[in-house]
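Asker: I would like to see how this sequence folds:
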Amino acid sequence: MRTVDAAGLEIGDDHPPRIMGVLNVSKESPYKPSVFNDPSEAAEYVDRELIDEGADIVDIGLESANKRLDVLSAEDELDRLDTALSVLDSVSGDAVFSIETRYHEVAEAALDGGFDMVNDICGFADPVMPRVCEEFDAAVAKMASPPDLTRPGAIEEVDDIYDALELNGFTDKTILDPAFGGWSEAKTLEHDRETFDRLREFRGYGYPILVSINRKNFLRDVAGRSTEEALPVSLAATSMAVERGAHVVRTHDVKETRDAALIGHEFERRRVRDPGDVSVEELDVTTTGEAARHLDRVGANRDLAAESVMRVFELEGLGADDREALEAAAGDAGAVLAAGDTGALLVGTPAALARLSTLVTDASDALEAALETVERATR
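Answerer: Residues are numbered from 1 along each chain as shown. This next block holds a predicted model:
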């Protein structure tokens, strides 16, 4: 996993989670507490509610990306950029300033005017965007999107989201955003929940990950909460996202989100890294899907994914004959049965456990059912 230097702010596994606070200078934005069109009032909000509360990055949006609203042109966004640049001049606190845009012309003008970073909500649908970011040596958050400047984030299936992140390549300072939220009519809450469940897979590209999950519908729906009541579910999900490998959390609730992210960071898996002549990094891989992504990244055979993850199942109620049958077949399958007085642990890769079910002979109906359960769980 590479570390991205965003104007001196390092983002990656070896650093604390970074908090991205939000300011909008668009009257269309649905979250009214973050909307300003007076630069001095906006700067006061940035200092007091964002930077003083723990925001490392301030993301300034020029238009709402709501799918029900007309898309502004690059010229329209440029007309609003003066307000955003005036905010930068008036802010007294220290943070990395990001411009949210889909147009390379706006990104170029913003970076030239003092912005440090770009948040591209159309994921390089504008093919000139990566070149502009590279010319300014700027970090860029790249949200998974179709190759269409009018449809940010409008991808549903997780595999399609993953592949969309490749659109027009990456810069050395790219941060990946899997695009949570209702960016299209076809995208469901289940799509978002599956994306969150498979968040570790997006580490397969080797770039830091940004998540924007603050008060999102797929979380609110679980607890039956309104937007105003949804802070607790957002905070719970924030800790989980960081524990699963997210590096930047975009939020309107900076202080609370910072604390939740630090808890996730404190208890995340510690990855072994050795910066010697031969670099060593322990990958956080828990499923065959995650393994397959990393195998793809290094150009290896993705069929090896089924041999790359270890699974452990506890079996209770095994009879003596079933235990003997399992022990006899486990070695040939490449699995291990560790039997004790009160139960047994079945240990192996998904491939080994699949082989085991074909090698066990004279199994009872109960054991056959148990092995079918194991095999389904490893798919």
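
Asker: Kindly export the host helix or strand of Glu77 (C-alpha atoms) in PDB.
Answerer: Under the criterion of DSSP states H and E, Glu77 resides in helix 74-90. Output of helix 74-90 as PDB, limited to C-alpha atoms (Å, rounded to 0.1, in the frame of the first residue of the first chain):
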ATOM      1  CA  ALA A  74     -17.300  24.000 -16.300                       C
ATOM      2  CA  GLU A  75     -18.000  27.600 -16.900                       C
ATOM      3  CA  ASP A  76     -20.700  27.700 -14.300                       C
ATOM      4  CA  GLU A  77     -18.300  26.100 -11.700                       C
ATOM      5  CA  LEU A  78     -15.600  28.600 -12.600                       C
ATOM      6  CA  ASP A  79     -18.000  31.400 -11.900                       C
ATOM      7  CA  ARG A  80     -18.400  30.000  -8.300                       C
ATOM      8  CA  LEU A  81     -14.700  29.400  -7.800                       C
ATOM      9  CA  ASP A  82     -14.000  33.000  -6.800                       C
ATOM     10  CA  THR A  83     -16.100  32.500  -3.700                       C
ATOM     11  CA  ALA A  84     -14.100  29.300  -2.800                       C
ATOM     12  CA  LEU A  85     -10.800  31.100  -3.400                       C
ATOM     13  CA  SER A  86     -11.900  33.900  -1.200                       C
ATOM     14  CA  VAL A  87     -12.600  31.400   1.600                       C
ATOM     15  CA  LEU A  88      -9.000  30.200   1.300                       C
ATOM     16  CA  ASP A  89      -7.700  33.700   1.700                       C
ATOM     17  CA  SER A  90      -9.800  34.300   4.900                       C
END
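
Asker: And the host helix or strand of Ala43, what's buried?
Answerer: Secondary-structure assignment from DSSP H and E places Ala43 in helix 39-45. Residues 39, 42-45 are the ones in helix 39-45 that count as buried (16 or more other Cβ atoms under 10 Å). Every residue, glycine included, has its C-beta placed from N, CA and C.

Asker: Show me what that helix is packed up against.
Answerer: Judged by 3 or more Cβ pairs under 8 Å, 6 or more residues apart in numbering; DSSP states H and E, helix 39-45 is in contact with helix 74-90.

Asker: Give me the mean pLDDT for the helix it packs on.
Answerer: Helix 74-90 carries an average pLDDT of 94.

Asker: you'd agree Ala339 is up against Arg323?
Answerer: Yes - here Ala339 reaches Arg323: they are 5.7 Å apart, a contact under Cβ atoms under 8 Å.

Asker: what pairs with the worst-scoring helix or strand of the chain on mean pLDDT, and is each one parallel or antiparallel?
Answerer: Least confident helix or strand, the chain: strand 273-274 with a mean of 74, by mean pLDDT, DSSP states H and E. Sheet pairing of strand 273-274 (DSSP bridges) gives strand 280-281 (antiparallel).

Asker: Report the backbone C-alpha coordinates of the helix holding Ala43 in CSV.
Answerer: Output of helix 39-45 as CSV, limited to C-alpha atoms (Å, rounded to 0.1, in the frame of the first residue of the first chain):
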residue,chain,number,x,y,z
PRO,A,39,-16.6,34.1,2.1
SER,A,40,-16.1,35.5,5.5
GLU,A,41,-18.9,33.5,7.1
ALA,A,42,-17.7,30.4,5.2
ALA,A,43,-14.1,30.9,6.5
GLU,A,44,-15.4,31.3,10.1
TYR,A,45,-17.3,28.0,9.7
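
Asker: residues touching Ala110, list them.
Answerer: 81, 84-85, 99, 101, 118 (Cβ atoms under 8 Å, 6 or more residues apart in numbering).

Asker: Quick check: what element follows the host helix or strand of it along the chain?
Answerer: Ala110 belongs to helix 104-113 when assigned by DSSP H and E. Sequence-wise, the next helix or strand downstream of helix 104-113 (DSSP H and E) is strand 117-120.

Asker: That following strand pairs with which strands?
Answerer: By DSSP bridges, strand 117-120 pairs with strand 96-101 (parallel), strand 139-143 (parallel).

Asker: what sits up against the very next helix or strand once past it?
Answerer: Downstream of strand 117-120, the first helix or strand assigned by DSSP H and E is helix 129-135. Outside helix 129-135, the residues within contact range by Cβ under 8 Å, 6+ apart are 103-104, 107-108, 111, 118, 120, 124, 139-140, 168-174.

Asker: Buried members of the residues you listed into PyMOL, please.
Answerer: Entered in PyMOL, the line below selects the buried ones among the contacts of helix 129-135, by 16+ other Cβ under 10 Å:
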select buried, resi 103+104+107+108+111+118+120+124+139+140+168+170+171+173+174
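
Asker: Now do the SS call for the closest residue to Ala84 other than its chain neighbours.
Answerer: Excluding the flanking residues, the one nearest Ala84 by Cβ to Cβ, 6 or more residues apart in numbering is Ile60, at 4.8 Å. Here Ile60 is strand, with the state taken from DSSP: H, G, I helix; E, B strand; the rest coil.
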